[in-house]
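Visitor: kindly return the folded structure for what I paste below:
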Amino acid sequence: MRASRLLSIIMRLQQGQVTAEQLSETLEVSIRTIYRDMDHLSLAGVPVYADRGRSGGFQLLEGWKMPPTGLTGIEIEALLLSGMPDQVKQLGLQTSMLSGQTKLLETLPETQRAAIGKISAYVYVDPVSWFGAEEPAEKLHDIADAVWNSQKITCVYESWKGSVQRMINPLGLVVKGGRWYLAGEVEGDERIYRVGKFQELKVLKDTFSRPVNFDLPNFWRQAVKRYETAIYSETATLRVNKAGLENLHELGTPVAEAANASLSGPDTQGFYLVSIPIETIERASADIMRLGPDCQALEPPELVVHIQQKLHDMIKLYSS
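Guide: Numbers count the residues shown, from 1 in each chain. Predicted coordinates for the structure are as follows:
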């Protein structure tokens, strides 16, 4: 989130001169984004300026320090999540968020308070996808407490193999599409657990040492990449027109990216050839049929036969 990144930039500037390239690498954003962030800081009244030349970089006006806010640690943590009010409430941090926002606003001049009020009135963050719903997470508050305090948990978890018992070192929480996930360590292995699948849970008094090099955002990105790679077992060749090509994004980002990378055509009828990854014949058949006459499956043969059978059954149903 930009607010968190701007705060990180200010904290780094208070340590001394820094280049756009260094900030770009540290914060994992483009150099252009860093320059935009510097403009936002200047507009917000932060006295940041740039020295040109080989040894130049960004600096704060000598003697300037970020105004003290009187914020507690938990209030700061809640503020960094304040773009997700429903998730803050689920974590039990809503009171801390509101009190932290009040303290922060009290440190700002009236002109900045008005600007912030305007932003909150015109911009709202909804992290749940269309037609999606937040998954109930009754154990979330207890899990969050265990994460904050590095306490072990014992649980009964509903996995695809059935209910299993686990003792987990909870390392961090991730919310994606309205669902909460726990990154946890079990017998030295780092794994992901869906919070809504915990059937029983107990927070122990025993604590653990969080791995020094554990990076939650990087761990999650790698886990998502592994998952998306693992679920696709085959490849399908499709013939799509322009509308079908544009609508392939509905089948997921990996599918859309693969289609764009393998794109060839168009032919005389305006159709393109693309290759996409698929999970199973049944799932691919349902996904491809969603695109209607804008998409034709060519390979593998069993996918074509499966779609033909589905279409035959539908025609028979509606004919009767």
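
Visitor: quick one: contacts for the closest residue in space to D51 that isn't next to it in sequence?
Guide: Distance criterion C-beta to C-beta, 6 or more residues apart in numbering; nearest residue to D51, sequence neighbours excluded, is G57 at 6.1 Å. For glycine as for every other residue, the C-beta is placed from the backbone atoms N, C-alpha and C. Going by C-beta atoms under 8 Å, 6 or more residues apart in numbering, G57 touches Q17, V18, T19, A20, Q22, A50, D51.

Visitor: wouldn't Q296 be in contact with R239 here?
Guide: Yes: between Q296 and R239 there is a contact at 4.3 Å, judged by C-beta atoms under 8 Å.

Visitor: common neighbours of the two, please.
Guide: Between them, Q296 and R239 share the contacting residues F271, judged by C-beta under 8 Å, 6+ apart.

Visitor: pLDDT score assigned to L79?
Guide: For L79, the pLDDT comes out at 53.

Visitor: begin at 13 from now on, thanks
Guide: Got it, first residue is 13 now, which makes that one L91.

Visitor: can you pull the domain assignment for this structure?
Guide: Segmentation of the chain into domains, based on automatic domain parsing, reads 14-72, 85-134, 152-241, 244-331.

Visitor: ok, of these, where does mean pLDDT dip lowest?
Guide: Looking at those, the bottom one is domain 85-134 with a mean of 57.

Visitor: if we can go back for a sec, now, which of the contacts of G69 sits nearest S221?
Guide: Q34 (30.4 Å; C-beta to C-beta).

Visitor: count of neighbours near the closest residue to L72 other than its chain neighbours?
Guide: Excluding the flanking residues, the one nearest L72 by C-beta to C-beta, 6+ apart is L25, at 4.8 Å. If you count neighbours by other C-beta atoms under 10 Å, L25 ends up with 22.

Visitor: so how far is S276 from L25?
Guide: Using C-beta to C-beta, to the nearest Å, we find L25 at a distance of 49 Å from S276.

Visitor: also V224?
Guide: V224 is 49 Å from S276, by C-beta to C-beta.

Visitor: more neighbours: which of the two?
Guide: Ranked by neighbour count (other C-beta under 10 Å), V224 and S276 place S276 first, with 9 against 5.

Visitor: find the nearest non-adjacent residue to the more buried one, please.
Guide: Nearest non-adjacent residue to S276 (C-beta to C-beta, 6+ apart): L285, at 4.9 Å.

Visitor: the one you found is in contact with T249, isn't it?
Guide: Yes: counting by C-beta under 8 Å, L285 does reach T249; the two are 6.6 Å apart.

Visitor: who touches both of those two?
Guide: With C-beta under 8 Å, 6+ apart, L285 and T249 have common neighbours L310.

Visitor: quick one: the helices in the stretch 213-332 of the chain?
Guide: 228-243, 254-259, 265-274, 293-301, 313-331 (DSSP state H, counting those that start in this stretch).
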